[in-house]
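Novice: Predicted coordinates and the sequence they were generated for:
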Amino acid sequence: MTVESVKPEAPLVPELREPPRAGGGVPVLGHGWKLVRDPLAFMSRLRDHGDVVRLKLGPKTVYAVTTPALTGALALSNDFIIAGPLWESLEGLLGKEGVATANGPRHRRQRRTIQPAFRLDAIPAYGPIMEEEAHALTERWKPGQTIDCTSESFRVAVRIAARCLLRGDYMDERAERLCVALATVFRGMYRRMVVPLGPLYKLPLPANREFNRALADLHLLVDEIVAERRASGQKPDDLLTALLEATDENGDPIGEQEIHDQVVAILTPGSETVASTIMWLLHMLAEHPEHADRVRDEVEAVTGGKPVAFADVRGLRHTNNVVVESMRLSPAVWILTRRAVRDTELGGYRIPAGADIVYSPYAIQRDPKSYARNLDFDPDRWLPDRVKDVPKHAMSPFSVGNRKCPSDHFSMAQLTLITAALATRYRFEQVAGSNDSTRVGITLRPHDLRVRPVER
């Protein structure tokens, strides 16, 4: 994969401006209280204050970037690395030695180890598993049954990741454990990111104990997966085998901690983001039956009435556009951070070495400057004659440059296939007690979405 970079065209000069500071901060917490109270609205309103805006998160000054062009420059520049409040909060889950949080030579080596599993020509080998799991959903769900979208979405996401990448037959019990643990862990990590009151999170308070139990269960689950593979003596051609046989820069086997952190990075963030996206897609199918019908009609035209298969995915243009538009309006990853490694600039503003930078794909992808009828669900905006109107970097759900998610094609294939299978078999409607409001944590997902499938 090509790694692009953007370097400042000129050295720093005194004329560089200091970014404006956002209003509304309070003593001690700064703007952290707004990020806790209504983070999506707060991040979306920052564009009104400038292209780069200064925030206070506790005692720290953080720089927020609000335009597509500058978020692209930030992601592609060698002046910034993966670091900052988000990644510091994630280290408790992902560790410091996995591909998600590593930088420099270690990150490049790790990318080389995992990349073959996600090459475009490797994805079809996962097709039968994706098909099996997608159709298993349609068989497990029954007309009139109330579906808990959170647990069901996590279950299918975890099973596909485990069966494709770790070649493990990890059944529902583990998927359920992961679902429950991730919900607690990601909620706690978000609080730690926006309100960095480190010592208080070590106190034996109920919320802290719950967080620590959930985190321990996640790591225990990963240890079980690695131990079972070693005990089996098997070496299937999968990502876990590649990790167990990987070597470091000196040609020595990589350490146990790195293997552990890599499996965590493969299994948990990917499952969380894919599961969140499936939840939003189920919400879309219920709220926009006209597009659900178009998906059904497209699938039947492509397959001739047969069950949808992985080989059909490339022909499902509208279904793919439905997935992309759902990801635009409700991105699982809604906030990202970087850290400046040297004195530099963004958009003519001075960024000092060591400064943390934050930006929100949610705010960028809903910006009315980039999208006509920006809040409308409109999959046709991704048709060839209209997509050219979308500014560069205004839609980057998998990021860009050397931090681009390696599983982008893998994720899109399973999301398109699952959407096609569900919309072909059922219509969906929300039931009494369903709560489709947005739950904000490290990722975005509905609070408690519950739907009823209706046989077509």
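Specialist: Right, received. Where do you want to start? Residues are numbered from 1 along each chain as shown.
Novice: looking at the chain, which helix or strand is least sure?
Specialist: Lowest by mean pLDDT, DSSP states H and E among the helices and strands of the chain is helix 85-94, with a mean of 66.
Novice: Same question for the helix or strand just after it: list its buried residues.
Specialist: Per DSSP states H and E, helix 85-94 leads on to helix 104-114 as the next helix or strand towards the C-terminus. Residues 106, 107, 109, 110, 111, 113, 114 are the ones in helix 104-114 that count as buried (16 or more other CB atoms under 10 Å). For the C-beta atoms, the positions are set from N, CA and C on the backbone; glycine is no exception.
Novice: Tabulate those (CSV), appending pLDDT and distance to residue 200.
Specialist: Below are the buried residues of helix 104-114 laid out as CSV (pLDDT from 0 to 100; distance: CB to CB, whole Å):
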residue, pLDDT, distance to residue 200
106, 80, 32
107, 76, 32
109, 85, 37
110, 80, 33
111, 82, 36
113, 83, 38
114, 81, 36
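Novice: In those, find the pair that's most separated.
Specialist: Maximum pairwise distance among the buried residues of helix 104-114 (CB to CB): 12.7 Å, between 106 and 114.
Novice: and the nearest residue to residue 352 once chain neighbours are set aside, what does it touch?
Specialist: Nearest residue to residue 352, sequence neighbours excluded (CB to CB, 6 or more residues apart in numbering): residue 343, at 5.7 Å. With contacts taken as CB atoms under 8 Å, 6 or more residues apart in numbering, residue 343 has the following neighbours: 12, 350, 351, 352, 353.
Novice: Could you do residue 44 as well?
Specialist: 360, 362, 363, 366, 367.
Novice: State the helix or strand in which it lies.
Specialist: Residue 44 belongs to helix 39-45, assigned by DSSP H and E.
Novice: Residues touching the helix or strand following that helix, excluding its own?
Specialist: Using DSSP H and E, the helix or strand that follows helix 39-45 in sequence is strand 52-57. Residues from elsewhere that reach strand 52-57 (CB under 8 Å, 6+ apart): 18-22, 25, 30-32, 35, 46, 61-66, 70, 85, 194-196, 346-347, 349, 351, 358.
Novice: Can you select the buried ones from the residues you listed in ChimeraX?
Specialist: Buried members of these, defined by 16+ other CB under 10 Å, are picked up in ChimeraX with:
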select :19,22,25,30,31,32,35,46,62,63,64,65,66,70,85,194,195,196,346,347,349,351,358
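Novice: Mind checking which of the contacts of strand 52-57 land in strands?
Specialist: Judged by DSSP state E, these include 61, 62, 63, 64, 65, 346, 349, 351, 358 as members of strands.
Novice: what's the distance between the last one and residue 364?
Specialist: Going from residue 358 to residue 364 by CB to CB, to the nearest Å gives 12 Å.
Novice: before we move on, what about the fifth one?
Specialist: When CB to CB is the yardstick, residue 65 and residue 364 sit 9 Å from each other.
Novice: shared neighbours, these two?
Specialist: residue 71.
Novice: quick one on the thing from earlier: include pLDDT when you put the contacts of residue 44 into JSON lines, please.
Specialist: Formatted as JSON lines, the contacts of residue 44 follow (pLDDT from 0 to 100):
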{"residue": "360", "pLDDT": "95"}
{"residue": "362", "pLDDT": "97"}
{"residue": "363", "pLDDT": "97"}
{"residue": "366", "pLDDT": "97"}
{"residue": "367", "pLDDT": "96"}
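Novice: Dump those residues into CSV; add secondary structure as well.
Specialist: Formatted as CSV, the contacts of residue 44 follow (DSSP: H, G, I helix; E, B strand; the rest coil):
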residue, secondary structure
360, coil
362, helix
363, helix
366, coil
367, coil
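Novice: now, among these, which is nearest to residue 439?
Specialist: residue 362 (13.1 Å).
Novice: residues touching that closest one, list them.
Specialist: Per CB under 8 Å, 6+ apart, neighbours of residue 362: 40, 43, 44, 330, 331, 334, 335, 444.
Novice: Closest one of the residues you listed to residue 264?
Specialist: Taking these together and measuring to residue 264 by CB to CB, the closest member is residue 335, at 20.3 Å.
Novice: these two touch, right, that closest one and residue 40?
Specialist: No - taking contacts as CB atoms under 8 Å, residue 335 lies outside contact range of residue 40: 9.3 Å.
Novice: Identify the contacts common to the two.
Specialist: In contact with both residue 335 and residue 40: 360, 362, using CB under 8 Å, 6+ apart.
Novice: and those two? which has more neighbours close in?
Specialist: Neighbours were tallied for residue 335 and for residue 40 using other CB atoms under 10 Å; the higher tally belongs to residue 335 (25 against 17).
Novice: hang on, the earlier thing: would you format the contacts of residue 362 as JSON lines with pLDDT and distance to residue 134 included?
Specialist: Shown next, in JSON lines, are the contacts of residue 362 (pLDDT from 0 to 100; distance: CB to CB, whole Å):
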{"residue": "40", "pLDDT": "95", "distance to residue 134": "30"}
{"residue": "43", "pLDDT": "94", "distance to residue 134": "34"}
{"residue": "44", "pLDDT": "95", "distance to residue 134": "34"}
{"residue": "330", "pLDDT": "97", "distance to residue 134": "21"}
{"residue": "331", "pLDDT": "96", "distance to residue 134": "22"}
{"residue": "334", "pLDDT": "92", "distance to residue 134": "26"}
{"residue": "335", "pLDDT": "90", "distance to residue 134": "30"}
{"residue": "444", "pLDDT": "92", "distance to residue 134": "23"}
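Novice: Those residues into JSON lines, with extra columns for distance to residue 406?
Specialist: Below are the contacts of residue 362 laid out as JSON lines (distance: CB to CB, whole Å):
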{"residue": "40", "distance to residue 406": "27"}
{"residue": "43", "distance to residue 406": "26"}
{"residue": "44", "distance to residue 406": "29"}
{"residue": "330", "distance to residue 406": "23"}
{"residue": "331", "distance to residue 406": "18"}
{"residue": "334", "distance to residue 406": "20"}
{"residue": "335", "distance to residue 406": "21"}
{"residue": "444", "distance to residue 406": "22"}
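Novice: Residue 250: how many residues sit nearby?
Specialist: When neighbours are counted by other CB under 10 Å, residue 250 comes out with 5.
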